[in-house]
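Peer 1: sequence-free structure coming up:
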């Protein structure tokens, strides 16, 4: 990677990805874009541009002017928001990806990396150790767009030899950026309320198991896949996994450090989405092909989350 463009750079993953890529490849070689107001970090740099991924002409202009050879396409509408606005989710998630792939093909971009999600799996997929290859029958618009996106990226690889790569992320927990409307956002809210010494009411049942990953591992996974030698890859989309957790287990981990923290449970419409997803993910192909290994377990993540969130409110 020499010149990188990141869409959705103000999002939960995108903002952390930009920081990581700039540390590794130099700030001048990473162009951050979004339609949202940039954070102080992004605003303080010259490498931020307002970009709507539905504007293919503006995307093409940026790719040419900035001599882009790699695109990390992070712009998307997530699961919970997508169920409230399914038509918008379809348009942004599908048309945005198509524009990125087409501009990449036409302008000679070497590589496109776009995350997928465990939302591609539906109720008929195995709940435990869900494999890479299994029925993909999601029950959310977000999941539908991610399945279609995986297939579209594979098509561009097979048809045009565009180097497309994707990881299926579980729920992401981050101390740095507010979540953006996903079903697993409650996990971040648990930590935020705990360090503010406020009780929290979770919208997912206490004993619903879901796969999770700490943000540093999520960034590690997507960058590691992007950098992997193509000759080592046996597929274009990979499962990645770190932890199988219930809300109650996260709360118990927090209470080891903040014993006074209280959590209550009032499941809402997002409970049905959570129940349609796997409990744990089989990521043996990623571990074999590009040596994927997470660094954080639950206790390590909790210590780091509480430390960083506590520092941010001092």
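Peer 2: Looks like it arrived, so ask away. Note that the structure is a prediction, hence the values are computed from the model and not measured.

Peer 1: Neighbouring strands - and their directions - for the longest strand belonging to the chain?
Peer 2: The residue-count maximum for a strand in the chain (DSSP state E) belongs to strand 163-169. Taking DSSP bridges as the criterion, strand 163-169 pairs within the sheet with strand 111-113 (parallel), strand 116-117 (parallel), strand 237-239 (parallel).

Peer 1: In JSON lines: the ones you listed, plus distance to residue 182 and mean neighbour count.
Peer 2: Placement of C-beta: from N, CA and C, glycine included. Shown next, in JSON lines, are these (distance: least, C-beta to C-beta, whole Å; neighbours: other C-beta atoms under 10 Å):
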{"stretch": "strand 111-113", "distance to residue 182": "19", "mean neighbour count": "22"}
{"stretch": "strand 116-117", "distance to residue 182": "9", "mean neighbour count": "24"}
{"stretch": "strand 237-239", "distance to residue 182": "18", "mean neighbour count": "25"}
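
Peer 1: Out of the ones you listed, which is closest to residue 187?
Peer 2: Residue 187 lies closest to strand 116-117 among these, at 15.0 Å (C-beta to C-beta).

Peer 1: Export the strands paired with strand 163-169 to JSON lines and append columns for mean pLDDT.
Peer 2: Converted to JSON lines, the strands paired with strand 163-169 look like this (pLDDT from 0 to 100):
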{"stretch": "strand 111-113", "mean pLDDT": "98"}
{"stretch": "strand 116-117", "mean pLDDT": "96"}
{"stretch": "strand 237-239", "mean pLDDT": "98"}
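
Peer 1: So residue 191 belongs to a helix, correct?
Peer 2: Yes. Under DSSP: H, G, I helix; E, B strand; the rest coil, residue 191 sits within a helix.

Peer 1: what sits against it?
Peer 2: 173, 175, 254, 302, 305, 306, 309 (C-beta atoms under 8 Å, 6 or more residues apart in numbering).

Peer 1: Next: residue 239.
Peer 2: 130, 131, 132, 167, 168, 281, 282, 283, 285, 286.

Peer 1: what's downstream of the helix or strand of the chain with the lowest mean pLDDT, the next helix or strand?
Peer 2: In the chain, no helix or strand scores lower on mean pLDDT, DSSP states H and E than helix 40-43, which sits at a mean of 68. As assigned by DSSP states H and E, the chain's next helix or strand after helix 40-43 is strand 48-50.

Peer 1: Residues touching that following strand, excluding its own?
Peer 2: Against strand 48-50 from outside (C-beta under 8 Å, 6+ apart): 9, 31, 32, 33, 34, 35, 38, 42, 62.

Peer 1: buried stuff in that strand?
Peer 2: The neighbour-count check on strand 48-50 (16 or more other C-beta atoms under 10 Å) flags 48, 49 as buried.

Peer 1: If you count contacts, what does the next helix or strand after that strand end up packed against?
Peer 2: The first helix or strand that comes after strand 48-50 along the chain, using DSSP H and E, is helix 56-65. Applying 3 or more C-beta pairs under 8 Å, 6 or more residues apart in numbering; DSSP states H and E, one finds that helix 56-65 contacts helix 96-107.
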